[in-house]
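A.B. asks: quick one, structure for this:
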Amino acid sequence: MVKRKSEKVGYRRYLLDIAQELGAAGFVKNLRDGSIKIFCQASPETLQRFIEYAEKPAPPATIKKFEVKDARPRSKLKHFEIRYGRVQEELQEGFGAMQAIFMNYWEEFRDYRSEFRDYREEFREFARRTDESFNRIMEKYGEISEKLTVILETLMRESRETREMLNESMKLLREAVEKLSSRETKLES
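C.D. replies: Purely as a prediction, here's the structure:
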């Protein structure tokens with residue numbers, strides 16, 4: 001039997017997830033006095049782990065009192081389930097869990113809101129410096145791009161001129177070889 005300090009915070013769902021993860025069978029249900037009845041059956045080791053998790057739930061659930069009692073196993077129970085109450089109570093529990101979580105976030109948000117105000121000007125300054133740095137990089141990129149274009153054009157022009165000079169040299173060399181060949185032929189005759 002569990003006595004909760006705060007109600008309707010999703011504790012039953014938490015127990016269902018734990019039981020399914022551990023492979024335990026049983027059920028959990030809300031009682032009219034605000035407490036919860038949990039029936040769980042599993043191997044002794046698994047049961048001990050389930051109890052450890054059940055005693056220390058995640059926020060916003062809190063436990064006021066946790067009692068463990070021995071009970072006879074129920075062979076018909078093969079899985080763990082939530083035994084639901086009336087629709088109104090179930091809706092109230094769901095909305096209560098959402099409200100509790102929302103209020104925790106709201107409190108946390110209020111604490112950070114003033115800190116964020118302090119950083120607003122720093123973020124603006126950072127953004128301004130980032131924009132300036134980006135603009136300087138783009139200017140340098142433009143300068144480098146222009147210089148690379150000039151270098152590439154120069155290399156292409158010089159490569160073309162070198163190719164033309166080589167072609168002309170090869171032509172002159174071929175003509176010289178032909179002249180020498182024809183002279184040798186005449187000398188031999």
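
A.B. asks: hmm, residue 31 is touching residue 38, no?
C.D. replies: No. Counting by Cβ atoms under 8 Å, residue 31 stays clear of residue 38, with 10.7 Å between them. Using the backbone N, CA and C atoms, a C-beta is placed for each residue, glycine as well.

A.B. asks: more crowded one of the two?
C.D. replies: Set side by side, residue 31 and residue 38 show more neighbours around residue 38, with 22 against 12, by other Cβ atoms under 10 Å.

A.B. asks: surely that one forms part of a helix?
C.D. replies: No. Using DSSP: H, G, I helix; E, B strand; the rest coil, the secondary structure at residue 38 is strand, not a helix.

A.B. asks: which of the three states applies to the nearest residue to it once chain neighbours are set aside?
C.D. replies: Nearest non-adjacent residue to residue 38, counting by Cβ to Cβ, 6 or more residues apart in numbering: residue 28, 4.9 Å away. Look at residue 28: counting by three-state DSSP, its state is strand.

A.B. asks: and the one 5 residues further on, by the same measure?
C.D. replies: Residue 33 carries the three-state label coil when classified by three-state DSSP.

A.B. asks: phi and psi next, for it.
C.D. replies: Taking degrees, to the nearest 10, you get phi -80, psi 10 for the backbone angles of residue 33.

A.B. asks: any idea of the pLDDT on it?
C.D. replies: pLDDT, residue 33: 84.

A.B. asks: how near is it to residue 154?
C.D. replies: Noted for residue 33: a distance of 92 Å to residue 154, by Cβ to Cβ, to the nearest Å.

A.B. asks: neighbour-wise, which of those two wins?
C.D. replies: residue 154 (10 against 7).

A.B. asks: host element of that one?
C.D. replies: Using DSSP states H and E, residue 154 sits within helix 87-188.

A.B. asks: now that helix: average pLDDT?
C.D. replies: pLDDT averaged over helix 87-188 gives 82.

A.B. asks: now it, how far from the chain's geometric center?
C.D. replies: 26 Å (Cα atoms, centre = their mean, to the nearest Å).

A.B. asks: from residue 80, how far out is the most centrally placed residue in the chain?
C.D. replies: The residue lying closest to the centre of the chain (Cα atoms, centre = their mean) is residue 105, at 20.6 Å. Distance, residue 105 to residue 80, using Cβ to Cβ: 29 Å.
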